[in-house]
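> Structure for the following, please:
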Amino acid sequence: MQYIIYMDDIEKKCIYEMLEYANRVQGEMKRSAKKSFSRGVASQYIRGLSEPTVLEREYEIMFSLNGWLPVALEDGVDTFDMKPGLLGSPKAKISKAGDRYMNIPVFKAAFKNPYLTAAKVSPFRTVSDKSKPDSWIHPGLMSRNLFGKAILKVS
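Below is the predicted model of the structure:
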(Lines give C-alpha, C1' and ligand atoms only; values in the text may rest on other atoms or scores of the structure.)
Protein backbone atom coordinates (compact mmCIF):
# COMPACT_ATOMS: atom_id res chain seq x y z
CA MET A 1 0.00 0.00 0.00
CA GLN A 2 1.31 3.45 -0.88
CA TYR A 3 0.34 6.78 0.57
CA ILE A 4 0.85 10.00 -1.31
CA ILE A 5 1.15 13.36 0.38
CA TYR A 6 0.77 16.18 -2.08
CA MET A 7 2.93 19.29 -1.84
CA ASP A 8 -0.22 21.41 -1.71
CA ASP A 9 -1.23 19.64 1.51
CA ILE A 10 2.20 20.19 3.05
CA GLU A 11 2.24 23.85 1.98
CA LYS A 12 -1.21 24.42 3.45
CA LYS A 13 -0.15 22.79 6.72
CA CYS A 14 3.04 24.91 6.87
CA ILE A 15 1.19 28.12 6.14
CA TYR A 16 -1.47 27.25 8.72
CA GLU A 17 1.23 26.57 11.35
CA MET A 18 2.97 29.84 10.49
CA LEU A 19 -0.27 31.79 10.82
CA GLU A 20 -0.92 30.11 14.17
CA TYR A 21 2.57 31.09 15.32
CA ALA A 22 2.06 34.70 14.17
CA ASN A 23 -1.24 34.82 16.05
CA ARG A 24 0.45 33.51 19.22
CA VAL A 25 3.17 36.18 18.87
CA GLN A 26 0.52 38.87 18.42
CA GLY A 27 -1.44 37.54 21.39
CA GLU A 28 1.67 37.81 23.54
CA MET A 29 2.32 41.34 22.26
CA LYS A 30 -1.24 42.31 23.20
CA ARG A 31 -0.90 40.80 26.70
CA SER A 32 2.41 42.62 27.22
CA ALA A 33 0.93 45.91 26.00
CA LYS A 34 -1.95 45.60 28.48
CA LYS A 35 0.53 44.94 31.31
CA SER A 36 3.06 47.62 30.29
CA PHE A 37 0.92 50.58 29.24
CA SER A 38 -2.10 52.49 30.46
CA ARG A 39 -5.43 51.30 29.07
CA GLY A 40 -5.59 54.06 26.42
CA VAL A 41 -2.01 53.60 25.24
CA ALA A 42 -2.38 49.80 25.20
CA SER A 43 -5.53 50.01 23.09
CA GLN A 44 -3.75 52.32 20.62
CA TYR A 45 -0.82 49.89 20.42
CA ILE A 46 -3.15 46.93 19.88
CA ARG A 47 -5.16 48.77 17.22
CA GLY A 48 -1.86 49.39 15.43
CA LEU A 49 -1.29 45.65 14.90
CA SER A 50 -2.38 44.43 11.47
CA GLU A 51 -3.73 40.95 10.82
CA PRO A 52 -1.07 38.39 9.81
CA THR A 53 -1.06 37.75 6.05
CA VAL A 54 0.72 35.24 3.84
CA LEU A 55 3.06 36.95 1.40
CA GLU A 56 3.16 35.96 -2.26
CA ARG A 57 6.59 34.44 -1.79
CA GLU A 58 4.92 31.96 0.55
CA TYR A 59 6.46 30.66 3.72
CA GLU A 60 6.54 34.24 4.92
CA ILE A 61 3.92 35.69 7.19
CA MET A 62 3.78 39.44 7.70
CA PHE A 63 2.01 41.70 10.12
CA SER A 64 2.83 45.29 10.82
CA LEU A 65 2.61 47.84 13.56
CA ASN A 66 1.03 51.06 12.32
CA GLY A 67 0.74 54.53 13.78
CA TRP A 68 3.25 56.91 15.31
CA LEU A 69 2.70 55.93 18.96
CA PRO A 70 2.75 52.12 18.53
CA VAL A 71 5.94 52.30 16.44
CA ALA A 72 7.52 54.79 18.87
CA LEU A 73 6.77 52.47 21.80
CA GLU A 74 8.16 49.45 19.98
CA ASP A 75 11.34 51.05 18.58
CA GLY A 76 11.87 53.96 20.95
CA VAL A 77 12.20 57.64 20.06
CA ASP A 78 14.96 60.12 20.82
CA THR A 79 14.27 63.45 22.49
CA PHE A 80 12.28 65.73 20.20
CA ASP A 81 10.70 69.17 20.08
CA MET A 82 6.88 68.96 20.22
CA LYS A 83 6.36 72.65 19.40
CA PRO A 84 6.45 72.38 15.55
CA GLY A 85 3.95 69.51 15.57
CA LEU A 86 1.58 71.23 17.99
CA LEU A 87 1.67 74.55 16.16
CA GLY A 88 1.28 72.77 12.82
CA SER A 89 -2.00 71.26 13.99
CA PRO A 90 -5.22 72.41 12.30
CA LYS A 91 -6.43 73.18 15.84
CA ALA A 92 -3.73 75.84 16.32
CA LYS A 93 -5.10 79.40 16.37
CA ILE A 94 -3.56 82.67 15.23
CA SER A 95 -3.42 85.68 17.56
CA LYS A 96 -4.18 89.25 16.48
CA ALA A 97 -0.41 89.80 16.32
CA GLY A 98 -0.14 86.89 13.83
CA ASP A 99 1.50 84.37 16.20
CA ARG A 100 0.30 80.76 16.26
CA TYR A 101 -0.80 79.36 19.61
CA MET A 102 -2.62 76.38 21.04
CA ASN A 103 -3.94 75.46 24.48
CA ILE A 104 -2.86 71.97 25.57
CA PRO A 105 -4.74 70.15 28.36
CA VAL A 106 -2.56 69.11 31.29
CA PHE A 107 -2.98 65.51 32.43
CA LYS A 108 -3.91 64.47 35.99
CA ALA A 109 -0.29 63.57 36.80
CA ALA A 110 0.47 67.29 36.99
CA PHE A 111 -1.86 67.59 39.99
CA LYS A 112 -0.24 64.89 42.14
CA ASN A 113 1.72 67.48 44.10
CA PRO A 114 -0.16 67.73 47.44
CA TYR A 115 0.82 71.40 47.81
CA LEU A 116 -0.87 72.42 44.59
CA THR A 117 -4.58 72.41 43.96
CA ALA A 118 -6.46 72.66 40.70
CA ALA A 119 -7.39 76.23 41.74
CA LYS A 120 -3.68 77.21 41.81
CA VAL A 121 -2.68 75.44 38.60
CA SER A 122 -4.19 76.01 35.18
CA PRO A 123 -5.50 72.76 33.62
CA PHE A 124 -4.05 74.00 30.30
CA ARG A 125 -0.63 74.96 29.06
CA THR A 126 -0.19 77.25 26.06
CA VAL A 127 2.32 76.68 23.28
CA SER A 128 2.98 79.53 20.88
CA ASP A 129 5.52 80.93 18.46
CA LYS A 130 6.68 83.03 21.42
CA SER A 131 7.28 80.01 23.71
CA LYS A 132 10.87 79.45 24.83
CA PRO A 133 12.73 77.18 22.36
CA ASP A 134 13.27 74.44 24.94
CA SER A 135 9.85 74.62 26.63
CA TRP A 136 8.22 71.80 24.64
CA ILE A 137 10.99 69.20 24.50
CA HIS A 138 9.76 65.63 24.92
CA PRO A 139 12.27 63.39 26.74
CA GLY A 140 11.75 60.58 24.23
CA LEU A 141 10.54 57.02 24.67
CA MET A 142 12.56 53.95 25.52
CA SER A 143 12.15 50.99 23.15
CA ARG A 144 9.82 48.39 24.65
CA ASN A 145 10.58 45.74 21.98
CA LEU A 146 7.35 43.82 22.63
CA PHE A 147 7.76 41.99 19.31
CA GLY A 148 11.22 40.62 20.18
CA LYS A 149 10.10 39.65 23.68
CA ALA A 150 6.98 37.93 22.31
CA ILE A 151 9.06 35.92 19.81
CA LEU A 152 11.30 34.68 22.63
CA LYS A 153 8.36 33.84 24.89
CA VAL A 154 6.38 31.98 22.21
CA SER A 155 9.37 30.06 20.83
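> got the domain boundaries for the chain?
With automatic domain parsing as the criterion, the domains of the chain are listed as 7-78+141-154, 80-138.
> low pLDDT regions in this structure?
For the chain, the stretches with pLDDT under 70 are 1-7, 57-58, 107-122.
> for it, which helix is longest?
Across the chain, the longest stretch assigned as helix under DSSP state H is helix 7-36.
> Mind listing what's buried along it?
By neighbour count, with 16 or more other CB atoms under 10 Å as the criterion, the buried positions of helix 7-36 are 18-19, 22, 25-26, 28-30, 32-33. Where C-beta positions appear, they are placed from N, C-alpha and C, glycine not excepted.
> still on that earlier bit, and the domains of the chain, which is most packed in?
Per-stretch averages of neighbours, counted by mean count of other CB atoms under 10 Å, single out domain 7-78+141-154 among the domains of the chain, with a mean of 14.
> Start from the N-terminal end of this structure and give the strands.
Under the criterion DSSP state E, strands of the chain are mapped to 53-54, 61-62, 80-81, 93-94, 100-105, 124-128, 137-138.
> would you list these in JSON lines and tack on distance to Glu11?
As requested, the strands of the chain are arranged in JSON lines below (distance: least, CB to CB, whole Å):
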{"stretch": "strand 53-54", "distance to Glu11": "10"}
{"stretch": "strand 61-62", "distance to Glu11": "13"}
{"stretch": "strand 80-81", "distance to Glu11": "46"}
{"stretch": "strand 93-94", "distance to Glu11": "59"}
{"stretch": "strand 100-105", "distance to Glu11": "53"}
{"stretch": "strand 124-128", "distance to Glu11": "55"}
{"stretch": "strand 137-138", "distance to Glu11": "47"}
